[in-house]
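K.L.:
take a look and give me a structure for this.
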Amino acid sequence: MFDIEYKQEFNNIETKIRQNEINKVERITKKSINTYLKYITLEIFKYNQKVLYEIKAWRIVYDGFNNPYLYVEFNPYGLMIISLINNESVIINPFINSDNLEKYKKSQKLILDFNTLKVNNLDINDIETFNLKSKNNVKNTILSTLKENYYSIENNLNNLSLNDKYKKLFRLKKTNISNNIISSFNKRTPEIYNPSHDEFLSVEKEISYSWWFRTAIWDEEFGYTNDEKLGYSEEGQGTGLCHYVALAMLLQYAEFFYSRDVFSEEQIKKYIIKRDQRGYAYYPKWSEKYPIIPEISINLVKDLWQIYGKGAIKTTSLYLRQVAEYFIHEYGNRYDKKPNVTFHRRSAGWIKPWKWINDNKPCIIFGTGIPSGDPSKQKTSHVIVAYGYNDKGNKLLCHYGYKQYNQVLVSSSLSGQLWLIGVSKTGNDKKPREYFYHNGKYISGVDFK
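P.N.:
Predicted structure coming up:
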């Protein structure tokens, strides 16, 4: 077993606060803090064994029902949220460079927002409101779900193969660092240790052409926007447009890989911008292997909401499916060129997301009853797009709807599934248009395997 020893420098007051937090973790989990951090390190490494993850910072955080979690940030990158109720990794983003915790003092109580996967601090007044809310009669649905699915940390700690792989990578890093020191004394340019980031996150099952979801890293690559950016609400007062962002991604996927007539000629000109080079933002090394994807105008989400969705914020699955159909047919103007795609909807309990993924259908998951990060309320909702899974469907590979949240593993314990919308190809059609730039030319999405 590799060794993790928790060490961090604080002043006297912070030391006492930190020790109280350590004691709380040990009391809840009935494990020493070092043992528990070993489990956490192996847990994220289990899902991406090409990167040597080392814990950078951690804090106890609470959801809207006052359920406790560990919010863990890693070097060189990575974020994981672990439930202290059942030891389950409920959120894993193995590639995000997260520095959320450094903003807050150790004395501040932190509340977790499952909508954005960030944390906020509570002031004295907020804490009083939050504690009162957490004790009222609203059913703590996520607590019962977590209690039903207990995860033993021994599975990771006793996994000899997993431990050996981590130790091997750890030794490689130490060797490279030593060699760099020797190189510097020999006046040669040292090679900086750089963990392998050449491949996607490995999963058990994913849909065809999932590389598009994985490479849609930045806002402009899937058309992200919100009501604040569009000027429909004041700063900090927005309600979000996650369901329209997710629907926009399904429409793009259908146009890129299913049928060339999902978007009309006018819609293509308005919403899709082909490009032959990547944008200004940072791209991981593996992205070089994949086609350059087109830029998507924020007007796509805006029009889905304001024109085709008639400005509705709260929608049912039937309503959102109709929005997609209105977009495809432009309110009946294109029934003579009906594309060979179908949007499906299901309510809670009818079907599980992994079933549609097995059937090669990306799907929107609308979750409700998700703990809120707002101290004035306990529950919120969010919409994500699932396109693969691990752990026999328990960990869904999702695009969470935000930049750099394109490869996120989400536990089914969090889904609070209210309804699903999926899209499938339902007939033969002409090859989709050539939107992607690869090896010096534009190609159709289906030409890249």
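
K.L.:
my read: residue 104 touches residue 111, true?
P.N.:
No - using CB atoms under 8 Å, residue 104 is not in contact with residue 111; the gap is 10.8 Å. (Each C-beta comes from the backbone N, C-alpha and C, glycine too.)

K.L.:
I'd say residue 387 and residue 206 touch.
P.N.:
Yes - counting by CB under 8 Å, residue 387 does reach residue 206; the two are 6.0 Å apart.

K.L.:
out of those two, which sits in the busier spot?
P.N.:
More crowded of residue 387 and residue 206, by other CB atoms under 10 Å: residue 387, with 31 against 22.

K.L.:
confirm that one sits in a helix?
P.N.:
No - using DSSP: H, G, I helix; E, B strand; the rest coil, the assignment for residue 387 is strand, not a helix.

K.L.:
tell me who's in contact with it.
P.N.:
Residue 387 makes contact with 206, 207, 210, 213, 357, 362, 397, 398, 399 under the criterion CB atoms under 8 Å, 6 or more residues apart in numbering.

K.L.:
columns secondary structure, distance to residue 383 and pLDDT on top of these, output as JSON lines?
P.N.:
Output for the contacts of residue 387, formatted as JSON lines (DSSP: H, G, I helix; E, B strand; the rest coil; distance: CB to CB, whole Å; pLDDT from 0 to 100):
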{"residue": "206", "secondary structure": "strand", "distance to residue 383": "20", "pLDDT": "96"}
{"residue": "207", "secondary structure": "coil", "distance to residue 383": "18", "pLDDT": "97"}
{"residue": "210", "secondary structure": "coil", "distance to residue 383": "19", "pLDDT": "96"}
{"residue": "213", "secondary structure": "helix", "distance to residue 383": "14", "pLDDT": "96"}
{"residue": "357", "secondary structure": "helix", "distance to residue 383": "17", "pLDDT": "94"}
{"residue": "362", "secondary structure": "coil", "distance to residue 383": "13", "pLDDT": "96"}
{"residue": "397", "secondary structure": "strand", "distance to residue 383": "16", "pLDDT": "96"}
{"residue": "398", "secondary structure": "strand", "distance to residue 383": "10", "pLDDT": "96"}
{"residue": "399", "secondary structure": "strand", "distance to residue 383": "11", "pLDDT": "97"}
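
K.L.:
now those in JSON lines, please, with extra columns for distance to residue 315.
P.N.:
Below are the contacts of residue 387 laid out as JSON lines (distance: CB to CB, whole Å):
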{"residue": "206", "distance to residue 315": "27"}
{"residue": "207", "distance to residue 315": "24"}
{"residue": "210", "distance to residue 315": "26"}
{"residue": "213", "distance to residue 315": "22"}
{"residue": "357", "distance to residue 315": "23"}
{"residue": "362", "distance to residue 315": "19"}
{"residue": "397", "distance to residue 315": "25"}
{"residue": "398", "distance to residue 315": "20"}
{"residue": "399", "distance to residue 315": "19"}
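
K.L.:
show me which pair in the residues you listed is furthest apart.
P.N.:
Across those, no pair lies farther apart than 357 and 399, at 13.1 Å, counting by CB to CB.

K.L.:
ranges for the strands of the stretch 1-150 of the chain?
P.N.:
Assigned by DSSP state E, counting those that start in this stretch, the stretch 1-150 of the chain shows strands spanning 54-62, 68-75, 79-83, 89-93, 109-113, 118-122.

K.L.:
cool, the stretch 151-300 of the chain as well?
P.N.:
205-206, 272-273, 295-296.

K.L.:
let's have these in TSV, adding distance to residue 235.
P.N.:
Converted to TSV, the strands of the stretch 151-300 of the chain look like this (distance: least, CB to CB, whole Å):
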stretch	distance to residue 235
strand 205-206	37
strand 272-273	28
strand 295-296	24
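
K.L.:
which one of those strands lies closest to residue 89?
P.N.:
Nearest of those (CB to CB): strand 205-206, 18.7 Å.

K.L.:
check which helices and strands the closest one sits against.
P.N.:
Applying 3 or more CB pairs under 8 Å, 6 or more residues apart in numbering; DSSP states H and E, we find strand 205-206 packed against helix 353-358, strand 379-390.

K.L.:
buried ones in the shortest one?
P.N.:
By neighbour count on 16 or more other CB atoms under 10 Å, the buried set for helix 353-358 is 353, 354, 356, 357.

K.L.:
what about the residue nearest to the second one when sequence neighbours are not counted, how many neighbours?
P.N.:
Of all residues not flanking residue 354 in the chain, residue 393 sits nearest, at 3.2 Å (CB to CB, 6 or more residues apart in numbering). Per other CB under 10 Å, the neighbour tally for residue 393 reads 17.

K.L.:
surely residue 393 is in contact with residue 412?
P.N.:
Yes - the pair residue 393 / residue 412 is scored as a contact, 7.0 Å apart, by CB under 8 Å.

K.L.:
what touches both of these two?
P.N.:
With CB under 8 Å, 6+ apart, residue 393 and residue 412 have common neighbours residue 352.

K.L.:
now do residue 7, the pLDDT please.
P.N.:
We have a pLDDT of 51 for residue 7.

K.L.:
again, but for residue 281
P.N.:
So, for residue 281, pLDDT stands at 66.
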